[in-house]
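Peer 1: have a look at this prediction, sequence included:
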Amino acid sequence: MKIGLTFLLMISVLFINEAFSQKIEPGLDLSYISIELVDDRGNRNPRARNLLKFTIEDPGTIVGVGNANPLSLEIYQLHQRKAWKGKCLVIVKSDRQ
């Protein structure tokens with residue numbers, strides 16, 4: 001399954017780490033996608049707090065987003081999240097096929 005994400009933000013470089021997929025059963029696979037906001041030399045910007053908006057291009061559902069900020073009051077099920085210390089996470093569940 002191919003999962004596409006679109007990020008709407010104004011930065012020079014966005015680095016997406018390889019997704020870690022946990023196979024549960026057909027149609028219920030989870031992919032954990034880690035995002036880092038980096039400068040043009042590939043260094044993570046620990047002060048970056050850009051708002052990231054996620055959309056799925058192929059069959060799948062965003063089931064959660066996070067940033068590890070213990071003070072954040074953002075809702076985990078929304079399709080957007082502010083980065084914290086230049087990082088963000090989105091969790092995607094595959095659709096049944």
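Peer 2: Done, it's in. Residues are numbered from 1 along each chain as shown.

Peer 1: where does pLDDT dip in the chain?
Peer 2: Judged by pLDDT under 70, the chain has its weakly predicted residues at 1-27, 96-97.

Peer 1: do you have the strands of it handy? List them.
Peer 2: 13-16, 20-22, 30-38, 51-53, 61-66, 80-82, 87-93 (DSSP state E).

Peer 1: hey, which of those is tucked in deepest?
Peer 2: strand 87-93 (a mean of 21; mean count of other C-beta atoms under 10 Å). From N, CA and C alone the C-beta is placed, and that goes for glycine too.

Peer 1: contacts for it?
Peer 2: 3, 5, 19, 28-37, 44, 52, 54, 56, 60-68, 81-82 (C-beta atoms under 8 Å, 6 or more residues apart in numbering).

Peer 1: that one to strand 61-66, inter-axis angle?
Peer 2: For strand 87-93 against strand 61-66, the angle by axes from the mean of the first three to the mean of the last three C-alpha atoms, to 10 degrees is 160 degrees.

Peer 1: gap between strand 87-93 and the chain center?
Peer 2: Distance of strand 87-93 from the chain centroid (C-alpha atoms, centre = their mean, to the nearest Å) equals 3 Å.

Peer 1: right, and the strands of the chain - which one's nearest Leu73?
Peer 2: Among these, strand 80-82 comes nearest to Leu73, with 10.9 Å by C-beta to C-beta.

Peer 1: ok, that closest one: who's next to it in the sheet?
Peer 2: Strand 80-82 has the following strand partners under DSSP bridges: strand 51-53 (antiparallel).
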